[in-house]
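Asks: Have a look at this prediction, sequence included:
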Amino acid sequence: MVTMQLHEQLGKYLNDLLKDVNYSVTPKAPKGKPARNNKSTREYRLQLINKQQDTSVKAIQKLKTELKKNKDIKGLKFNTISPNSSKFPSFSFSLYNNDYDVIIARGANRGENFETQTVKNLDRYLRTRNDIEMRKVMEMMGESYQPFAGVEIVKAKQRTGSTKKEGKPIEKLGSIIGDIVLTDSSGNEWFVSLKDINGYTFSSYSGAASLFDREGTLQPNSEGAVFLQTFGVDLNQVQAGFDERAGKNTPRPTLPVNRANSAKIEKIFNRAWGMNYFYMKKESSGWKIFWLGKQKLDKLCQSISIDEIRYPSKKSKQITILCSNSNEKYLIEMRNSKGAEYPNDIKFKVRK
């Protein structure tokens, strides 16, 4: 069988198999596509037909049962986290000497649902002027940034496109960080970073995956190591913690320990926060809203001190940095977002 015909037939087979449990192959790639992390594997992403009804448990059980019955499928394996996804499970297998990974995506998460609903509420308010809560939100935005108070907003929509900050000047990062785009009557765009009541993460940072090689040896000149040293992290303790977890007694060279570099920390936080957008967070008592311009950015990022560093151990594989200044408390987590051992992700969070 021609390979592309096989890919097409597998897509149709999955659709027929799963339509009664509310799943289908994404229409964007009905024949699958080269997998994200292994181009020799073909990836199929399954999605909910009704996204508000999560039937992933039923889909997983049906796939397990039916794929096992197929005698042409070899090496069937269920992955709690797919090797080609940061958060969804999958089934991987071989079929006629082709490798496949079928990813079971789920519905919109709580934050995505909140974002969608807030945009609808804002857009409805702009058309009807009847929503009391959204009227208050617009007033708070005008109070936090006077130039906004003098314009007429006519449209609200969810932002789409790349979320990569690399190469963008800090002054332009609002267009990347923003979740919502407001358009005024002159055609100018205003960006809003929206957080739900549990939304404390405000940025991601690259470089974590470079910290260790495949054998579990820390790479002292890697991007991840340089990041940690900026905050005064002892790389020897990082290596020792992961060696303890792996039961290794491998002799390691002693690495220099640097003091935290406040000037470099400020630059890192400048890029993490970005500027020229509204920060809007839902709270139990209402909303927290501010304009993130240069003055606010300085308050958030200057004179940050390190409060505590938590190292990996038998109980935890996460590297945690707690830091703060007179305006805000922060939590930085270097961890593996796929559930594997060594770090691949850095998150910046505001501490309660």
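Replies: Everything's here; your move. Residues are numbered from 1 along each chain as shown.
Asks: the longest helix in this structure is where?
Replies: Criterion DSSP state H: the longest helix present in the chain is helix 110-128.
Asks: list the helices and strands it packs on?
Replies: helix 132-144, strand 153-158, strand 180-184, strand 189-195 (3 or more CB pairs under 8 Å, 6 or more residues apart in numbering; DSSP states H and E). Every C-beta, even on glycine, is put in place using the N, C-alpha and C of the backbone.
Asks: The third one packs against which elements?
Replies: So that's strand 180-184. Looks like strand 180-184 contacts helix 110-128, strand 153-158, strand 189-195 (3+ CB pairs under 8 Å, 6+ apart).
Asks: So what pairs up with the closest residue to Q318 other than its chain neighbours in the strands?
Replies: Leaving aside its chain neighbours, Q318 sits nearest to R335 (4.4 Å; criterion: CB to CB, 6 or more residues apart in numbering). For R335, the beta-bridge partners are D345 (DSSP bridges).
Asks: Now do the nearest residue to K329 once chain neighbours are set aside: how many residues are near it, please.
Replies: Leaving aside its sequence neighbours, K329 sits nearest to R351 (CB to CB, 6+ apart; 3.9 Å). Neighbourhood size, R351 [other CB atoms under 10 Å]: 12.
Asks: List the contacts of R351.
Replies: R351 makes contacts with 200, 322, 324, 329-331, as judged by CB atoms under 8 Å, 6 or more residues apart in numbering.
Asks: mind running it again at 7 Å?
Replies: Shown in contact with R351 (CB atoms under 7 Å, 6 or more residues apart in numbering): 329-331.
Asks: next one: Y279
Replies: Y279 neighbours (CB under 7 Å, 6+ apart): 193, 289-290, 292.
Asks: part of a strand, is it?
Replies: Yes: inclusion of Y279 in a strand is indicated when DSSP: H, G, I helix; E, B strand; the rest coil is applied.
Asks: Write down the beta-bridge partners of it, one by one.
Replies: Y279 has these beta-bridge partners by DSSP bridges: S193, F290.
Asks: just the helices in the stretch 251-352 of the chain please.
Replies: 262-273, 294-301 (DSSP state H, counting those that start in this stretch).
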